[in-house]
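In: Below: sequence and its predicted model.
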Amino acid sequence: MGYSLSWGHLCSPFNINLYDRKIKKKCIAAGDDRLCNIGFSSRSNNCFDVKSLVCKVPKLISVQSTKTQFLVLLVFTVFFFVLSPQFFLPTEKIVEDSSTDNISSPTPTETEVEDSSVEIILTGDVMLGRSVMKKALELNDYSYPFVKVAPELSKADLVFINLENPIVKNCPIHEGGFKFCSPPESIEALLYAGVDVVSLANNHSGNYGEKGIEETVNYLENKGILVTGVGSLVIKEIGEMKFGFLGFDKAQQTNPILTPIETDLIKDSDSKVDILVVAMHWGVEYQNKALPGVRSLANQLVKTGADIVVGHHPHWVQDIECFEISQGVKESTPPVWTSFAPQVNGCPKGSKIVYYSLGNFVFDQMWSEETKKGLAVRLTFGGKDIINQELLPIYISSVGQPEFVK
């Protein structure tokens, strides 16, 4: 019985290895859908039109039997492994030299270094309910909140947000109050923006009870978005790096502390990943400086194992601190973590960073200038080290729709 070769499973725009995700996101952000996991170059950062080069080949070949298929494959094998070297190899005689005197280790090119690096973006509070939801419904466009920032977010290998509302079926439309929610369709906005991990450790995730949290987790995970802040570690692997994410809610506490269970969770998580990012919902709303008690908890977090701490809840942007470890004068003296403000080029190599509050990112608090401001952070990792930090200020000029500003 005759049949035709089918390559459809190879030529899907989204069928690509996670290692190449950075390039995939860049191509999608540029509107280039010519992706295929064969004929794709992660080194040159290019998207080849492999559909015309490879995927259309089966259309030119009609395989009527297994015998015919064998002959076709045999012809291709002979060409590539027997004939092609005559065309591509140099014509002059090659003299083999068994000595190793003139052999040197290759120096990585800038492109290779760039390809081995990993970029993650951290954002402030994201709330898709209330007036943000109403506006999206009016425009019949759930991607509305991220239209102006998605191209930049999509370039990163990983995007981590604090999701300030549960996602539930039959979410009512409303503009006021403090009971937030958004419908399952709102996940389209997160996917459009390239969000990979969300924290639900905040004071609004439980607005619809435990059932609402369970619904939210199920909806997000079914769409491939990881969820933390519900009592467990989630891990995202990019290349050879393992990034871990945790979240804890300590909102409106002037002197927050970790419970023994939370301390053990951080220590255990630190041993399982290369970089541990901890989202903290802490502090008091509408303040531009972190409370002393919050700073004390930050010190405890980095001592326990957090590499990056990203704060939420105040709705205003707050300060940033670097933490470095210093050994005591005597060997018996335990090491001490000291904090200091970052320099112009960020925190020193090997230090840990605490962002006390990134303010709002997607929110409808249009009644003050400070609540319309926010900060996203792009961190570039070379191995376990942060080799670049870029602060990306945002401004919400339209309800729930941020844009990057200088």
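Out: Sure thing, it's come through.
In: Can you list the buried residues in stretch 200-212?
Out: By 16 or more other CB atoms under 10 Å, the buried positions in stretch 200-212 come out as 200-202, 204-205, 207-208, 212. All C-beta spots, glycine's among them, are computed from the backbone N, C-alpha and C.
In: what do you get for stretch 374-392?
Out: In terms of neighbour count (16+ other CB under 10 Å), stretch 374-392 has its buried residues at 374-381, 386, 392.
In: Which ones among the residues you listed map onto helices?
Out: Counting by DSSP state H, none of the members of those fall within helices.
In: Of these, which pair is most distant in space?
Out: Taking CB to CB, the two most distant members of the buried residues of stretch 374-392 are 374 and 381; they sit 22.9 Å apart.
In: Need the nearest residue in space to residue 207, chain neighbours excluded.
Out: Leaving aside its sequence neighbours, residue 207 sits nearest to residue 179 (CB to CB, 6 or more residues apart in numbering; 4.8 Å).
In: Let's see the pLDDT reported for that neighbour.
Out: Listed pLDDT for residue 179 reads 94.
In: How many residues are close by it?
Out: 14 (other CB atoms under 10 Å).
In: now the stretch 101-250 of the chain, which segments are flagged as low pLDDT?
Out: 101-115 (pLDDT under 70).
In: What mean pLDDT does the strand of greatest length in the chain get?
Out: Using DSSP state E, we find that the single longest strand of the chain is strand 385-398. For strand 385-398, mean pLDDT is 96.
In: what lines up beside it in the sheet?
Out: strand 373-382 (antiparallel), strand 401-404 (antiparallel) (DSSP bridges).
In: ranges for the helices of this structure?
Out: Under DSSP H, the chain gives helices at 21-29, 50, 57-60, 66-78, 84-88, 110-116, 130-139, 150-153, 187-192, 209-222, 260-270, 292-304.
In: Could you check how far residue 181 is from residue 144?
Out: Residue 181 is 17 Å from residue 144, where distance means CB to CB, to the nearest Å.
In: is it possible to export the buried residues of stretch 374-392 to CSV including distance to residue 402?
Out: Shown next, in CSV, are the buried residues of stretch 374-392 (distance: CB to CB, whole Å):
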residue, distance to residue 402
374, 6
375, 10
376, 8
377, 14
378, 15
379, 19
380, 22
381, 25
386, 24
392, 10
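In: Might one say that the residue nearest to residue 207 is in contact with residue 206?
Out: No - assessed by CB atoms under 8 Å, residue 179 is found out of contact with residue 206, at 10.3 Å.
In: For the nearest residue to residue 174 once chain neighbours are set aside, list the residues it contacts.
Out: In space, and not counting its chain neighbours, residue 174 is closest to residue 130: 6.4 Å by CB to CB, 6+ apart. Neighbouring residues of residue 130 by CB atoms under 8 Å, 6 or more residues apart in numbering: 174-177, 180, 364.
In: Buried among those residues? Need that as a selection in PyMOL.
Out: Filtering the contacts of residue 130 down to the buried ones (16+ other CB under 10 Å) takes a single PyMOL command:
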select buried, resi 180+364
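In: possible to save the contacts of residue 130 as TSV with distance to residue 187?
Out: As requested, these are arranged in TSV below (distance: CB to CB, whole Å):
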residue	distance to residue 187
174	20
175	22
176	24
177	23
180	15
364	19
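In: would you list the strands paired with strand 385-398 in TSV and tack on mean pLDDT and distance to residue 272?
Out: Converted to TSV, the strands paired with strand 385-398 look like this (pLDDT from 0 to 100; distance: least, CB to CB, whole Å):
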stretch	mean pLDDT	distance to residue 272
strand 373-382	97	17
strand 401-404	98	33
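In: Nearest approach to residue 230 belongs to which of these?
Out: Taking these one by one with CB to CB, strand 373-382 is closest: 23.4 Å.
In: Just the C-alphas of that closest one, formatted as PDB.
Out: Output of strand 373-382 as PDB, limited to C-alpha atoms (Å, rounded to 0.1, in the frame of the first residue of the first chain):
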ATOM      1  CA  LYS A 373       5.500  53.800  37.900                       C
ATOM      2  CA  GLY A 374       7.300  50.500  38.000                       C
ATOM      3  CA  LEU A 375      10.500  48.700  37.300                       C
ATOM      4  CA  ALA A 376      11.500  45.600  35.400                       C
ATOM      5  CA  VAL A 377      14.900  44.100  35.800                       C
ATOM      6  CA  ARG A 378      16.900  42.200  33.100                       C
ATOM      7  CA  LEU A 379      19.700  40.000  34.500                       C
ATOM      8  CA  THR A 380      22.200  38.300  32.200                       C
ATOM      9  CA  PHE A 381      23.900  35.300  33.600                       C
ATOM     10  CA  GLY A 382      27.200  33.800  32.500                       C
END
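In: Now render the buried residues of stretch 200-212 as CSV, adding distance to residue 278.
Out: Formatted as CSV, those follow (distance: CB to CB, whole Å):
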residue, distance to residue 278
200, 14
201, 9
202, 14
204, 19
205, 17
207, 23
208, 25
212, 24
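In: just those residues now: which is nearest residue 398?
Out: Distances from residue 398 to the buried residues of stretch 200-212, taken by CB to CB, are shortest for residue 204, at 22.0 Å.
In: Quick check: the two most widely separated of the buried residues of stretch 200-212?
Out: Across those, the longest distance by CB to CB is 16.1 Å; it joins 201 and 208.
In: Hmm, residue 206 is touching residue 212, no?
Out: Yes - counting by CB under 8 Å, residue 206 does reach residue 212; the two are 6.9 Å apart.
In: okay, and the common contacts of the two?
Out: Jointly contacting residue 206 and residue 212 under the rule CB under 8 Å, 6+ apart are residue 166.
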